[in-house]
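Undergrad: pasting the structure only:
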């Protein structure tokens with residue numbers, strides 16, 4: 001979810017509440033302890049409005065937006081093997097048509113990994129891990145999207161890192177103008193995640 005303006009919005013709303021409280025004080029409207037207490041609380045209430053709006057938007061998106069399984073199908077088409085658990089995927093989608101973009105993290109089963117690694121036309125690309133990571137960073141996906149740590153290495157939170165990923169492309173697959181996969185190197189015997197960035201239908 002794109003939240004780059006969330007912090008400034010909270011600050012602006014807080015300052016607006018302070019301004020309103022100052023105007024009320026100047027006009028002599030605060031003549032009782034109760035009204036004065038309300039004026040003190042007004043900036044904090046205004047600052048909380050963007051957080052309330054974000055919570056409602058997130059709830060609505062989770063209730064009425066496409067599920068992770070639906071986005072997986074939009075990316076790769078019908079899966080010949082049922083997806084065992086939607087909890088193994090995290091995804092977000094933006095735009096429509098020519099500007100449609102889907103970003104997904106997958107913790108694939110061996111069968112799913114084999115399917116993705118044998119997609120038609122899948123080849124290595126010159127895209128760097130840093131450029132791939134920017135696809136999610138510019139959308140505000142800071143909790144589950146990979147982030148570059150140093151040249152050639154991408155890392156995230158402990159236990160969910162993407163070590164020295166190989167970036168693949170299969171542009172044109174399933175109608176996508178651009179479809180890229182980041183395949184992570186296994187670390188400490190754990191099955192690594194895969195990241196997908198698709199753009200344009």
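TA: Structure's in. What do you need? Since this is a predicted model, take the numbers as computed values, not measurements. Residues are numbered from 1 along each chain as shown.
Undergrad: in stretch 24-34, which residues are buried?
TA: Residues of stretch 24-34 classed as buried by neighbour count (16 or more other Cβ atoms under 10 Å): 24, 30. For every residue, glycine as well, the C-beta is placed using N, CA and C.
Undergrad: what about that stretch, how long is it end to end?
TA: Terminal residues of stretch 24-34 are spaced 13 Å apart (Cα to Cα, to the nearest Å).
Undergrad: do the same with stretch 95-113
TA: Start-to-end, stretch 95-113 (Cα to Cα) is 27 Å.
Undergrad: longest helix of this protein?
TA: helix 33-64 (DSSP state H).
Undergrad: for that one, buried residues please.
TA: For helix 33-64, burial by neighbour count (16+ other Cβ under 10 Å) applies to 39, 42, 43, 46, 47, 50.
Undergrad: repeat for stretch 114-128
TA: Using 16+ other Cβ under 10 Å as the test for burial, stretch 114-128 gives 116, 125, 127.
Undergrad: these two touch, right, the first one and residue 108?
TA: Yes: look at residue 116 against residue 108 with Cβ atoms under 8 Å: they come within range, at 6.5 Å.
Undergrad: give me the common contacts of those two.
TA: Here residue 116 and residue 108 have residue 194 as joint contacts, going by Cβ atoms under 8 Å, 6 or more residues apart in numbering.
Undergrad: following the helix or strand of the chain with the lowest mean pLDDT, which helix or strand comes up?
TA: In the chain, no helix or strand scores lower on mean pLDDT, DSSP states H and E than strand 153-155, which sits at a mean of 51. On the C-terminal side of strand 153-155, the closest following helix or strand by DSSP states H and E is strand 163-169.
Undergrad: show me where this protein has strands.
TA: 89-94, 101-106, 123-124, 147-150, 153-155, 163-169, 178-185, 194-199 (DSSP state E).
Undergrad: now those as JSON lines including distance to residue 134?
TA: Listed next are the strands of the chain as JSON lines, based on distance: least, Cβ to Cβ, whole Å:
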{"stretch": "strand 89-94", "distance to residue 134": "14"}
{"stretch": "strand 101-106", "distance to residue 134": "11"}
{"stretch": "strand 123-124", "distance to residue 134": "19"}
{"stretch": "strand 147-150", "distance to residue 134": "9"}
{"stretch": "strand 153-155", "distance to residue 134": "11"}
{"stretch": "strand 163-169", "distance to residue 134": "12"}
{"stretch": "strand 178-185", "distance to residue 134": "12"}
{"stretch": "strand 194-199", "distance to residue 134": "10"}
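Undergrad: and of those strands, who's closest to residue 8?
TA: Between residue 8 and the strands of the chain, the shortest gap by Cβ to Cβ is with strand 89-94, which sits at 20.5 Å.
Undergrad: which outside residues touch that closest one?
TA: In contact with strand 89-94 (Cβ under 8 Å, 6+ apart) are residues 1-2, 65-66, 68-69, 71-72, 74, 83, 100-107, 139, 141, 144.
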